[in-house]
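have a look; sequence and predicted model below, questions after that.
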Amino acid sequence: MMRAIFRLYVDVETTGSSSQFYDKFSSRYYLSDILMELWDDQHYRRSLHELVAANEKLVLNTINMLLNDANWLLDDTIDTLQELHGLQMIMGNPADWNSLTQEQQKEKRERFAELEKKLKRTLRLANSSVQVLVALTGDENIRKVFLRPEVVERVAVMLNYYLKQLVGPRCQELKLKNKEDYGWEPKNLLTDIMRAYLNLAKSDKFAAAIAIDHRSYSESIFLSAIDKATRIRFLRPPEIQEFRLLLQEIQKTEEIEEKEAELFADAPDEFLDPIMSTLMQDPVTLPASGMVCDRPVIERHLLSDPSDPFNRKPLKAEHLIPNVELRARIREYMNLKKAGAR
C-alpha cells in the first residue's frame, strides 16, 4: 500500500493532459488524505520504514514532489491573501471606494469573488501538503531523507521563507476579515511550520542549512515566532524551549560559517561550484559536458530536472563521476588555510 501511494504520488507529475500541472495537486490531495488516515497504524508505518530501507530513491523523489507542491501552493496562497487584503482595505474605506468609477468597482468586486474561490481551493491543497510534511519529518526513519545533502538546504530555505511571511514585517498583509470563511488559519499554519523545524532540529545539518540561508533567515524572525508562540500558546513550553535551543545552535553555526567564508574567500575558481559559486566538498564530473559540480548541488538539480544543466543532455545521479583528484586538492587547501589561521 505505502509503495503504491508513493509511486503514484511521483507518477502523477506527468499525466500527458494539458491540465496536468493542476491535476497533480488534486490527485496528491487524495493520496495525502489516504496517507494521513493510515499514519497511526503501526502495520502501515512499518511498511513505510521498509520502503525507506528498500527504495530510498522513491521516497526521496516523493519528498521532492511534496516540497515542490508545498512551495507553489503556499506561494500562491500568500499572493492571493495579499491581493484580497488589499481589496478588502479599498472596499472597506468609503473615500477610496467612492473615488472609483462604477466600472472599476464592478471589476474589483468580480476580482474579489474570483480570489475568494481560488483561496479556498488553494488553501485546502496547501494545508494538506504542509500536514504531510510535518508528519514525515516527525518520523525518525523518514527524517533522514530530508537531511540528505541535496534536500536539507531546500527544506530550510522553504521553512525560513514561510516563517518570514507569517511573522515578518509584512505579515499584516495576510490578514483577512472573516478569515474562517476561507479556511485561512494563520496560527495553525505557523504551528505546523514551527513543528517541522522542531522535527528536523534534532540534526546539526539542519541548523547549518538554516544559517547559510541569507535571504530569509534572521534572528529577529525566529524571536518573533518564539514571542508569538509564547503569547498565543499554540506550542507547549518544552517546544518553545526547543525552538530557542535551535536558534542558539543556528547562531553558533552562523559564526562558524562566517569565519569559514572569510577564510576560504581566496579559493581558486576551479574549487568553486559553477552553479552556486560555493567551495565544493564532493566534486563530481558530469560525463556529457565534462563540467565539475558539487555533488549536493547537481543532485538537487537532478531531482527536478534529469538533464545536464550545461548542455541539456539526459543525466542521472548514478552517472556522476567522483573527481577524487580535485577533492584531494580542495581538502589540502582547506587544511592548510585552517592550519594557518590557528
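Cool, got the structure.

when you work out contacts or count neighbours from here on, use the C-alpha atoms and nothing else.
Will do.

low-confidence stretches in the chain?
342 (pLDDT under 70).

apply 90 and report the result again.
1, 13-22, 180, 202-204, 214, 256-258, 261, 304, 337-342 (pLDDT under 90).

where do the strands of it begin and end?
283-285, 292-294, 321-322 (DSSP state E).

out of those strands, which gets nearest to E116?
Among the strands of the chain, the nearest to E116 by Cα to Cα is strand 292-294 (44.2 Å).

rewinding a little: closest to D305 out of the strands of the chain?
strand 292-294 (15.4 Å).

show residues contacting the closest one.
273-275, 280-286, 323 (Cα atoms under 8 Å, 6 or more residues apart in numbering).

give me the buried subset of those.
Using 16 or more other Cα atoms under 10 Å as the burial test, the contacts of strand 292-294 include 273-274, 280-286, 323 as buried.

ok, K175 - contacts?
So K175 contacts 81, 85 (Cα under 8 Å, 6+ apart).

and what of Y197?
159, 243.

go on, A135?
A135 neighbours (Cα under 8 Å, 6+ apart): none.

with the one 5 residues further on instead?
Listed by Cα under 8 Å, 6+ apart, E140 has no contact partners.

any idea how far it is from Q42?
Separation of E140 from Q42 (Cα to Cα, to the nearest Å) stands at 14 Å.

go on, I78?
On the measure of Cα to Cα, I78 and Q42 end up 36 Å apart.

of these two, who's got more company?
I78 (20 against 10; other Cα atoms under 10 Å).

look up how far K164 lies from that one.
Taking Cα to Cα, one finds I78 at 12 Å from K164.

now F25
25 Å.

quick one: the helices in the stretch 1-150 of the chain, in order.
2-11, 20-38, 42-54, 56-91, 94-98, 102-137, 140-146, 149-167 (DSSP state H, counting those that start in this stretch).

how about the residue nearest to L272 when sequence neighbours are not counted, what does it touch?
Excluding its sequence neighbours, the residue lying closest to L272 (Cα to Cα, 6 or more residues apart in numbering) is L279, at 4.5 Å. Contact criterion Cα under 8 Å, 6+ apart gives 264, 267, 271-273 as the residues in contact with L279.
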